[in-house]
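Engineer: Provided below are the primary sequence and the corresponding predicted coordinates.
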Amino acid sequence: TTEVRRALWLAAGLRWQERQARRESGMKQIAARGVGAADSAKRQAEWSAREAAKSTIGARRFDERMIGDRWNPVQFAPSIQASTAATPVARIVTMPSGEHQAEGVATGFLIGHGLLMTNFHVFQVRSDAMGYGANFFYVKDEQGIRLGKYFELDPGRFFVSDESLDFAIVAVSSKSTEGEPLSGLGSVRLIDATGKILTGLPVNIVEHPLGGPREFAISDNKLVDILDTGFLHYEGDTERGSSGSPLFNGDWELVGLHHSAVPEVRDGRIVNIDGNIWNESHEPESRIHWVANEGARVSFIVERLRAMSLSGREGATLATLLNSTQDTFTQPAASTEARTLTGGSSMGTSVINISGSATIHQYFHATSREG
């Protein structure tokens, strides 16, 4: 509903406002010292260990970004790896019938085991998902818009949602309306580990903005803040309908779930593009001064799922899903240790020991727990 969406905007704007001093300081550190300078020693160590593990096992690495002064979404996958990551991404629609065409309302993506993830504000309760479907391969190519394949959602088989991190997971029918198997679409894997991305690095977004064909936002989407409350803040443009889009790092690993644009907030109220308080009764949303985007961190989502208690078939499905979230690159050979050396000051210097080849920036300060 409109009220729910506006509450999301305000909450995201307040989080952005509260972090302003820290975020600006972090961006200055990144400009002076490079990517990761604003992150804690623990996160830098985790990221470096994962990068070293990837190199050790010969993981494929890609550098496929468009460079530009502003966000320019593209409708064609920039690589085979990007195409593979995008295949499980769907336009969430009202199911078409003989009398009604499908109407796109959001984005979602398969996470394995016949389950699709989107936002809580899209589907708050089980009944909200009734009559909706996942429309895969709704893309635009040289021949025009391809309608793709439709799979009806099956919330009776599985449904969970969480308001605080704004996620919902719902089962999908095993076959499309034309009989194709869902299993052939692959999935985006949830990874429970932290350290998959650093501030200053770009994020890749696969989305269905305005309910339209799939697009790739792959430029000018720099990650600017990692919140220990479970959120990410990043640059780039999104539209209504992008809610529920997956956020990927440069290796197309899932790092977050997009859920809201971030407006400028002053004195607890949303600001418009003229610098005045936005009048929601008389001004359209296009008059809001948007400053960033916000998504929920996948590691926090997995943690929240682990805390859920489900019984019967849904409990077994959740357990199977959680068993698949272990990080492929978490190996004993890539273990990390961070120790704080204190000496009369509450701010110490962190010493990072990492086995395996890695590059360490040695200007970090000890901070609190990094999620």
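Structural biologist: Thanks, I have the structure now.
Engineer: got the end-to-end distance for stretch 253-272?
Structural biologist: Length of stretch 253-272, first residue to last, CA to CA, to the nearest Å: 35 Å.
Engineer: the residue lying closest to W16 once chain neighbours are set aside: what secondary structure?
Structural biologist: In space, W16 comes closest to V262 once its chain neighbours are excluded; the distance is 4.8 Å by CB to CB, 6 or more residues apart in numbering. All C-beta spots, glycine's among them, are computed from the backbone N, C-alpha and C. Following DSSP: H, G, I helix; E, B strand; the rest coil, V262 is assigned to strand.
Engineer: please shift the residue numbers so they start at 17 in all later answers.
Structural biologist: Let's use 17 as the start, then, which means that last one is V278.
Engineer: just the pLDDT at V278, thanks.
Structural biologist: Note for V278: predicted pLDDT of 88.
Engineer: show me what it is bridged to.
Structural biologist: A308 (DSSP bridges).
Engineer: show me where the stretch 67-216 of the chain has its helices.
Structural biologist: 96-102 (DSSP state H, counting those that start in this stretch).
Engineer: show me what contacts the residue nearest to W32?
Structural biologist: 25, 28-29, 31-32, 249, 306-310 (CB atoms under 8 Å, 6 or more residues apart in numbering).
Engineer: make it 7 Å
Structural biologist: Applying CB atoms under 7 Å, 6 or more residues apart in numbering, we find V278 in contact with 28-29, 32, 249, 306-310.
Engineer: rebuild the residues you listed as TSV, extending it with neighbour count and distance to I221.
Structural biologist: Below are those laid out as TSV (neighbours: other CB atoms under 10 Å; distance: CB to CB, whole Å):
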residue	neighbour count	distance to I221
A28	24	16
G29	27	20
W32	22	18
H249	21	14
W306	18	15
V307	18	17
A308	21	13
N309	27	8
E310	24	12
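Engineer: just curious, which of the residues you listed is nearest to A53?
Structural biologist: Distances from A53 to those, taken as CB to CB, are shortest for H249 (16.5 Å).
Engineer: any idea how far R282 is from L169?
Structural biologist: Distance from R282 to L169, counting by CB to CB, to the nearest Å: 39 Å.
Engineer: whoops, R320 was the one
Structural biologist: 21 Å.
Engineer: those two - which one has more neighbours?
Structural biologist: Between R320 and L169, counted using other CB atoms under 10 Å, L169 has the larger neighbour count: 26 against 16.
Engineer: test my guess that the more buried one contacts S143.
Structural biologist: No - checked against CB atoms under 7 Å, the pair L169 and S143 is beyond contact range at 11.4 Å.
Engineer: now do the strands in the stretch 67-216 of the chain.
Structural biologist: Under the criterion DSSP state E, counting those that start in this stretch, strands of the stretch 67-216 of the chain are mapped to 105-110, 120-128, 131-134, 148-152, 155-157, 160-162, 165-168, 175-178, 183-187.
Engineer: present these as JSON lines; the columns should include distance to S325, mean neighbour count and mean pLDDT.
Structural biologist: Formatted as JSON lines, the strands of the stretch 67-216 of the chain follow (distance: least, CB to CB, whole Å; neighbours: other CB atoms under 10 Å; pLDDT from 0 to 100):
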{"stretch": "strand 105-110", "distance to S325": "27", "mean neighbour count": "25", "mean pLDDT": "95"}
{"stretch": "strand 120-128", "distance to S325": "20", "mean neighbour count": "24", "mean pLDDT": "95"}
{"stretch": "strand 131-134", "distance to S325": "18", "mean neighbour count": "27", "mean pLDDT": "98"}
{"stretch": "strand 148-152", "distance to S325": "26", "mean neighbour count": "26", "mean pLDDT": "97"}
{"stretch": "strand 155-157", "distance to S325": "39", "mean neighbour count": "14", "mean pLDDT": "84"}
{"stretch": "strand 160-162", "distance to S325": "42", "mean neighbour count": "11", "mean pLDDT": "84"}
{"stretch": "strand 165-168", "distance to S325": "28", "mean neighbour count": "21", "mean pLDDT": "96"}
{"stretch": "strand 175-178", "distance to S325": "11", "mean neighbour count": "20", "mean pLDDT": "97"}
{"stretch": "strand 183-187", "distance to S325": "15", "mean neighbour count": "25", "mean pLDDT": "98"}
